[in-house]
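> pasting the structure only:
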């Protein structure tokens, strides 16, 4: 029961966290918080994505 | 219904150019993808990359072919349907398109043959050079044509003397106010298109449990490049929004769906509207409250300008502009969501096993194409009623060709293009169904210029391993 | 003053290259209809596959040069030639996609070949109609076309169309003798022996009839009798050399003779219409675009054209020699 609950909780968290991060970045990049933050947000997003893709090669993505 | 030559000429141009843009969008993106893949192959000597290259090359070749033949039509259509436009704008856009032909069409054509059929004759290194030249050609082509189209959106560097247009400053014509923003926007759209095509096909194989090595590689590559590109694209899109708001306020007013000079505060962000152009109001509108103010004015209570700020006779048709924009923007949001999800799943090492995500990717396969079409509808219908913004009205540019002739040729275009599209889709579906392994992969990753300079290298035992068409 | 001349020269260069290069492509395409054996048809298509795209690009180059340097002429001629141009574009489209699509499946290849051939024939025919319509003259009022779009569908343009089609078939036959292995030499020889006399007949019929259709042509003959006479003799001489070298070595000789023959014909046409760009109506100076536009175009053309010719030749060089019977990638 408790295990089930924590599993559901993990699932919800797994949905909520990326959604929040995504929405924040989206709003930042389209300039809602000003051009400076838009550029910063873009840089963080791009560099973050590149680092993640390189550091965590997807399974089967042999290099 | 009476036949109006102006309407028919516009429908014909709209139809042929919409059909055409689908294929360059794919080939600009796929050419770059192929260049990257062949580069990886030469670097790693991993045959998987050669397999990916050959698979996508055969699809690229067909798309490129359709793009070429539908593109030839356009270079004549400026005069066929809009003679007055050609006569006025020729001095400005003519040389740009001429340079496009010289610097890019010939480059593509010259090296495409080698790219498709020349692996045996020139060897991998020179072949890679040919691939890069084709990719460069598509890039140059986009630059010139975007410059010409941007000049029509934001004309600069010209004067009108005795009814003829005179170029005063070429730098201002080429580097007109919107070119340098619209070009990266289009290129990035094309690369996104290719990313989603590649990832979508890979995801389809993963869902069916086939061609797993190929599928994993392409899904990984496609989602990774899509992630980086969509972030940049959203940013460029916002910059472009600002540029167009400054130079073509009527377009952006129509794109947001508000009629009154100032919207209510806080402004909603409309997703569905039923505009009534005659009465200058929306019969019906559905939107997200506050979001309009936040996105468009960057404040909680800002007001958005409506289309009534533009005199009625200079207004574009709101419905087309609005939905063109919403389709593009809606898909951009979906792409952003998919990109975010792909990063998360990669982090969790579930990128290839999460079935709902793979299904999403499959559904998103053509998303880049649809978004690009939407964007071009925004750009082109938003410019109306002008063909050269602020200089020449579309209605005044039409050729002296009778309506019956235009109608007959329009029907011919529709029939033949439908035939092209059907054949293209059928063959692409066949290639995808057959899978990447139908073409053998044991071409040697060595070779040099010597091959190219030695005649008759035809009967090598590896003849079946050459690049090019998928085996029968 | 010389800028429009240079631009006209560039336009003439590109249309000449188009006719010479895509001429044999279209000719080979038209001949597919007569070739019964599928392997031979594959072989014929393979001989033009790697380079056709570049050849056809010269057509776009011509149209766009007109738009850039002579927009007034472009805006008159496109509506005037509306029907043949649109039909030509559609036919070229059908032919163009056939290159890609025919290689995709063996089952229906015969049908794609028919589309390919019909597309080639119709495109060639329409180009002849365009030529005929230009020679008979288009109606112009001010800077606008004032005639009827059906003006180009008359006996004289139709005769020109047959002439152009025959000329392309001759070039196609020459190309096959040059590129195809000896298996196809019988076919190309038979083709040439029939098509060449037909072409000569049509060529001189067009020449004669044009004198009655267009007074400007009579005037041109009176102005340049020696030049036009010489070019006609070159055409005739080249035709005899071509006829004599059918099926003989070196294989390239008929092709060279054919190219010289057609080039001389184009040279004659250029002399007939010079210095007009809308033939016999508007001169190249009156139709010119702005000075800076022409300078821009010419600078680009002078810098880039040699490079273009360079790698186009390189592409031909890569695919030099006889076209392999099993195809370029060994699958055929």
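Received, thanks. All figures in this text were calculated on a predicted structure; none of them were measured in a lab.

> going forward, measure contacts between C-alpha atoms and count neighbours the same way
Fine.

> Can you check the pLDDT for the residue lying farthest from the centre of chain C?
In chain C, the greatest distance from the average C-alpha position (Cα atoms, centre = their mean) is reached by residue C:107, at 32.1 Å. Looking at residue C:107, its pLDDT stands at 75.

> what helix or strand is it on?
Assessed by DSSP states H and E, residue C:107 sits outside every helix and strand.

> what's the neighbour count on the nearest residue to residue C:316 once chain neighbours are set aside?
Sequence neighbours aside, residue C:51 is the residue nearest to residue C:316 in space, at 7.0 Å (criterion: Cα to Cα, 6 or more residues apart in numbering or on different chains). Residue C:51: 24 surrounding residues under other Cα atoms under 10 Å in any protein chain shown.

> which residues does residue C:217 contact?
Contact analysis of residue C:217 by Cα atoms under 8 Å, 6 or more residues apart in numbering or on different chains lists C:210, C:211, C:272, C:273.

> Give the helix, strand or coil label for the residue in chain A that chain B sits nearest to.
Closest residue of chain A to chain B, Cα to the nearest Cα: residue A:32 (4.8 Å). Put simply, residue A:32 is coil when judged by DSSP: H, G, I helix; E, B strand; the rest coil.

> ok, for the closest residue to chain A within the stretch 351-472 of chain B, nearest residue in space, not its chain neighbours?
Distances between the stretch 351-472 of chain B and chain A by Cα to the nearest Cα are smallest at residue B:351, namely 6.8 Å. Computed as Cα to Cα, 6+ apart, the closest residue to residue B:351 that is not its neighbour in sequence is residue B:345, at 4.9 Å.

> Check the gap between the closest residue to residue B:39 other than its chain neighbours and residue C:94 for me.
Nearest non-adjacent residue to residue B:39, counting by Cα to Cα, 6+ apart: residue B:128, 7.1 Å away. According to Cα to Cα, to the nearest Å, residue B:128 stands 30 Å off from residue C:94.

> Comparing the two, which residue is more hemmed in?
Neighbours per residue, other Cα under 10 Å: of residue B:128 and residue C:94, the larger number sits with residue C:94, 26 against 23.

> Could you pull up the residues touching the more buried one?
B:416, C:115, C:116, C:119.

> show me the contacts for the third one.
This means residue C:116. Counting by Cα under 8 Å, 6+ apart, residue C:116 makes contact with C:29, C:30, C:32, C:94, C:95, C:96, C:98, C:99.

> In the stretch 101-250 of chain C, what residue lies closest to chain A?
residue C:104 (31.2 Å).

> What segments of the stretch 51-200 of chain B are strands?
With DSSP state E, counting those that start in this stretch as the criterion, the stretch 51-200 of chain B has strands at B:158-161, B:164-167.

> about what we covered before: among the contacts of residue C:94, name the ones in helices.
Using DSSP state H, the subset of the contacts of residue C:94 located in helices is B:416, C:115, C:116, C:119.

> Low-confidence bits of chain A, can you list those?
Residue ranges of chain A with pLDDT under 70: A:1-3, A:57-63.

> Contact residues of it facing chain B?
Contacts of chain A with chain B, taken as Cα under 8 Å from any Cα of the partner chain, map to A:18-19, A:22, A:26-27, A:29-34, A:38, A:42, A:45-46, A:49-50, A:52-53, A:56-61.

> Identify the single longest helix in chain A, thanks.
In chain A, assigned by DSSP H, the helix with the most residues is helix A:2-29.

> which residues of the stretch 201-332 of chain C fall in strands?
Along the stretch 201-332 of chain C, counting by DSSP E, counting those that start in this stretch, strands occupy C:276-278, C:282-283.

> which stretch among those comes nearest residue B:26?
Closest to residue B:26 of the strands of the stretch 201-332 of chain C, according to Cα to Cα: strand C:276-278, at 37.9 Å.

> and the closest one, what other elements does it pack with?
Applying 3 or more Cα pairs under 8 Å, 6 or more residues apart in numbering or on different chains; DSSP states H and E, we find strand C:276-278 packed against helix C:71-80, strand C:282-283.

> Contacts for it, please.
Counting contacts by Cα under 8 Å, 6+ apart, the residues outside strand C:276-278 that touch it are C:73, C:76, C:77, C:134, C:137, C:138, C:282, C:283, C:284, C:287.

> and the residues you listed as CSV, adding pLDDT?
Shown next, in CSV, are those (pLDDT from 0 to 100):
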residue, pLDDT
C:73, 92
C:76, 92
C:77, 92
C:134, 92
C:137, 87
C:138, 89
C:282, 88
C:283, 89
C:284, 89
C:287, 86
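
> of the residues you listed, closest to residue B:145?
Taking Cα to Cα as the measure, residue B:145 lies nearest residue C:73 of those, at 22.2 Å.

> pretty sure that closest one is touching residue C:64, no?
No. Using Cα atoms under 8 Å, residue C:73 is not in contact with residue C:64, being 11.6 Å away.

> where does the nearest residue to residue B:382 once chain neighbours are set aside fall, helix, sheet strand or coil?
Distances taken as Cα to Cα, 6+ apart put residue B:251 closest to residue B:382, at 4.5 Å, once the chain neighbours are dropped. Classification of residue B:251 using three-state DSSP returns helix.

> interface residues of the stretch 351-472 of chain B facing chain A?
The stretch 351-472 of chain B has residues B:351, B:352 near chain A, with proximity defined as Cα under 8 Å from any Cα.

> Tell me which stretches of the stretch 151-300 of chain C form helices.
C:155-179, C:185-213, C:215-223, C:225-244, C:253-273, C:291-318 (DSSP state H, counting those that start in this stretch).

> Need those helices in a markdown table (columns: mean pLDDT and distance to residue B:44).
Shown next, in a markdown table, are the helices of the stretch 151-300 of chain C (pLDDT from 0 to 100; distance: least, Cα to Cα, whole Å):
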| stretch | mean pLDDT | distance to residue B:44 |
| --- | --- | --- |
| helix C:155-179 | 92 | 38 |
| helix C:185-213 | 91 | 46 |
| helix C:215-223 | 90 | 66 |
| helix C:225-244 | 92 | 53 |
| helix C:253-273 | 91 | 45 |
| helix C:291-318 | 87 | 27 |
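
> Deepest-packed of those, please.
Mean neighbour count (mean count of other Cα atoms under 10 Å in any protein chain shown) peaks for helix C:155-179 among these, with a mean of 27.

> and that helix, anywhere near chain B?
No. Helix C:155-179 is not in contact with chain B by Cα under 8 Å from any Cα; minimum separation 13.2 Å.

> I'd like to know which elements that helix is packed against.
Other elements packing on helix C:155-179 under the criterion 3+ Cα pairs under 8 Å, 6+ apart are helix C:2-31, helix C:38-48, helix C:109-136, helix C:185-213, helix C:253-273.

> what's the closest of the contacts of strand C:276-278 to residue B:398?
residue C:76 (12.0 Å).

> what about the closest one, distance to residue B:80?
To residue B:80, residue C:76 is 9 Å away according to Cα to Cα.

> Just want the residue of chain C that's nearest chain B.
Nearest residue of chain C to chain B (Cα to the nearest Cα) works out as residue C:68 at 3.6 Å.

> one step back: residues in contact with the residue of chain A closest to chain B?
By Cα under 8 Å, 6+ apart, the residues touching residue A:32 are A:38, B:294, B:295, B:297, B:298, B:299.

> now do 7 Å
Shown in contact with residue A:32 (Cα atoms under 7 Å, 6 or more residues apart in numbering or on different chains): B:294, B:295, B:298.

> Excluding covalently adjacent residues, which one is nearest to the first one?
If the residues on either side of it in the chain are set aside, residue B:294 comes closest to residue B:300, at 5.4 Å by Cα to Cα, 6+ apart.

> what about that neighbour, which SS state?
Residue B:300 - assigned by three-state DSSP - is coil.
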